Structures are given as C-alpha cells and as structure tokens.
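Visitor: Quick one, structure for this:
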Amino acid sequence: MSANNVYVFSENAALARELLNGARTIADAVGSSVVFLAIDGDESAEGMIKYGADTVKVLDVLAGKPLEAYVHAIIDALDENPKAILIGATAHGKPLAGLLSATLSTGCSAEIRGLSMVEGEIQVTRMKYGGAALSTDICTTAPHVITATRMVFEMPAEDASRTGEVLRVQKSSAEACTYQLDGFEEKSSDSVDLTTAKKIICIGRGVKAEKDLEMFRELAEMIGAELGCTAPVAKDNGWFGVERYIGLSGKTVKPQLYFIVGSSGQIQHMAGVSGSKIVLSVNHDPVAPVFNQSDYSVVANLYDFMPAFIAELKGIL
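Guide: Next up, the predicted model:
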C-alpha cells in the first residue's frame, strides 16, 4: 500500500463511520488511502468500505487482554510512513490513543472539535483553558494520533458501489502486553446515548431534591427529550450515571434543543454543549453566565416556572 495512509480505529461503529469521514478529508488531500482497523469478529467491519474505507485490516483478537493492549496490534498493521491515526474518544479509545502516541513517540491531539488540511498538513481545532478558548493547531508529527467524539464529523452517506479489500493482520509484537484481564464486572447503566439526542433537558444543582426530578421526567416525555445533568448532579448527588453527565469531562452533545435548568452555566459545562442549535435556560440569577450562551433565557425561580411551564404545554400539546 502507498505511504501517508490514514487509519481509523473505534469499537463504536457509529463513531467509526464518522471518523472515516474525517480520515477521507486527510487522505483525499494527500492522495492516500483510508484503512479501517477492525477487531476480529466485528460484524460491521467489511461494511466500513461503503462508508469511506479503502481497506479493512482485521486485528487478531488478543484473548484475555484489555482493549489498550491493541496498541501493539495497531502498530503491526501500519504501512510505511502513515499520516495519521484517528481513534474514537471513548472510555477505551482515550487511553489507547495515549499509549499509541507514547509508543510511537509522536504527537496526540485529543478530543478535537474540527479538522482541515492546509498545504498538506493536518490542522485541528481543540478546546483550551477548560473550554474558555479554541486553539487551531498544525500537526507536524507523523503518524499523528487524533481522537474525536461523536458528532465532530458528519455521518458519511453509505455508498454501495465502493469496493475495497479485507486483510487479516497476524500478531507479532501484540504479545508484548504484560498485563492480563481476569474478568468483567457489569456496571448498571440505562444505555442512553445523549450524543444522538435531538432534545435534551439538563438538570443543574439548582434542583434541590431527587423527588423533584419527576417534573423533568414528565416534561421530557411530553416533548420527546432525554434527561442530562451537570457534573455536581451526577458526581455529588448521584442522581444520574456518568452516561448522562454533560460537559468538558463528560458527554459532548449537539442537540436541536438544549434546555438547561438550575445551572449557572460554568465554562466546563457549556464547552460540552457549544454545538447545540438552540439553548434555552432558566436561572434565578439575572447575571448567571449561562445567559451569555443562551438563545432564550428565563430569569425565574425554577420551582415557580417549571410547574407553570409544564401546565401551559399540556394545554397546547
């Protein structure tokens, strides 16, 4: 295969397809190919060709090894002079990207917000200073490791006419991993994926009691929304699992409607919702930072506003 190839790896199929779109931006600019790296047994692997991959390389399963051990198998799969490796910024993908960049002694741009090509070089946009600013970086190392979450790249359209080859990569240095996975412990989760939600109601710590969540659940059911929360509601109160925590260190979302209630709108939270189409906020403090990033704002005590608002909607819907 040719040099400057771009590689994509993610255990999340939907995220992998989006990453292929970003990889195509790089590969088309430098005249190279996109290679999807698949876990053995991944039924969606061959289908990645229809979404932009030129080649699929199947990695041997590392029996009894954690996903991070795939760093060695990925290196084995690289061709001469690779240009970039795009990895899904998932719970497994993040440490994998760090291990991979350290092993290859190359740069890593984590959780980018955008990607473009400038005179053959990769240019990425990233959050800085806890989400207070955006920086534009030129990636000068190769292969440059890049991670991204859902919705950074558009989902590519399926093209049934595309063809490519599927190859199997034999293990070699993969056995260099020295730690063993003994087993799994199931973690309770309601399996919600806020990154795909069109409407989200976010609950801040202005909500004083867990029993008060019922009015938000009622509203969510009425308008077809998912419930999310700020960091204190998940971490301190424990009312929601991490899958519903939104912010710079939580989920990054891009809904059509983001309805945030009882949150001041700190930078770390709002950095995770900057791609929202419409932001509606309710807060009793007229100078709350959340209003600076809202399309529609209501200055009110949420315990006065929410019951009245829900009652009004019931008369309309």
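Visitor: Give me the neighbour count for Ser105.
Guide: 7 (other C-beta atoms under 10 Å). All C-beta atoms are positioned from the backbone trio N, CA, C, and that covers glycine.
Visitor: in which helix or strand would I find the closest residue to Pro255 other than its chain neighbours?
Guide: Nearest residue to Pro255, sequence neighbours excluded (C-beta to C-beta, 6 or more residues apart in numbering): Ile200, at 4.7 Å. Taking DSSP states H and E as the definition, one finds Ile200 inside strand 199-203.
Visitor: Skip ahead from that strand and say which helix or strand is next.
Guide: The first helix or strand that comes after strand 199-203 along the chain, using DSSP H and E, is helix 213-223.
Visitor: what sits up against that following helix?
Guide: Helix 213-223 has contacts (C-beta atoms under 8 Å, 6 or more residues apart in numbering) with 199, 201, 203, 207, 225-227, 239, 261, 306-307, 309-310, 313-314, 317.
Visitor: can you do 7 Å?
Guide: Contact partners of helix 213-223, identified using C-beta atoms under 7 Å, 6 or more residues apart in numbering, comprise Lys199, Ile201, Ile203, Val207, Glu226, Leu227, Trp239, Met306, Pro307, Ile310, Leu313, Leu317.
Visitor: Repeat that for stretch 77-89.
Guide: For stretch 77-89, using C-beta under 7 Å, 6+ apart, the contacting residues are 1, 3-10, 12, 15-16, 19, 22-23, 26, 30, 32, 37, 57, 59, 93, 96-97, 100, 111, 122, 142-149, 169.
Visitor: Give me the subset of these lying in helices.
Guide: Residues of the contacts of stretch 77-89 located in helices (DSSP state H): Leu15, Ala16, Leu19, Gly22, Ala23, Ile26, Val30, Gly93, Leu96, Ala97, Leu100.
Visitor: which of the residues you listed tops the neighbour count?
Guide: Leu19 (33 neighbours).
Visitor: how far out from the middle of the chain is the strand holding Ile200?
Guide: Put simply, strand 199-203 sits 18 Å off its chain's centre (C-alpha atoms, centre = their mean, to the nearest Å).
Visitor: quick one on the thing from earlier: mind listing what the residue nearest to Pro255 touches?
Guide: Per C-beta under 7 Å, 6+ apart, neighbours of Ile200: Leu194, Ala225, Glu226, Gly228, Val253, Pro255, Tyr258, Phe259.
Visitor: Can I have the buried ones of those residues as a PyMOL selection?
Guide: Provided next is the PyMOL selection string for whichever of these are buried by 16 or more other C-beta atoms under 10 Å:
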select buried, resi 194+225+226+228+253+255+258+259
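Visitor: possible to save the contacts of Ile200 as JSON lines with distance to Ser116?
Guide: Formatted as JSON lines, these follow (distance: C-beta to C-beta, whole Å):
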{"residue": "Leu194", "distance to Ser116": "27"}
{"residue": "Ala225", "distance to Ser116": "33"}
{"residue": "Glu226", "distance to Ser116": "31"}
{"residue": "Gly228", "distance to Ser116": "30"}
{"residue": "Val253", "distance to Ser116": "23"}
{"residue": "Pro255", "distance to Ser116": "25"}
{"residue": "Tyr258", "distance to Ser116": "26"}
{"residue": "Phe259", "distance to Ser116": "32"}
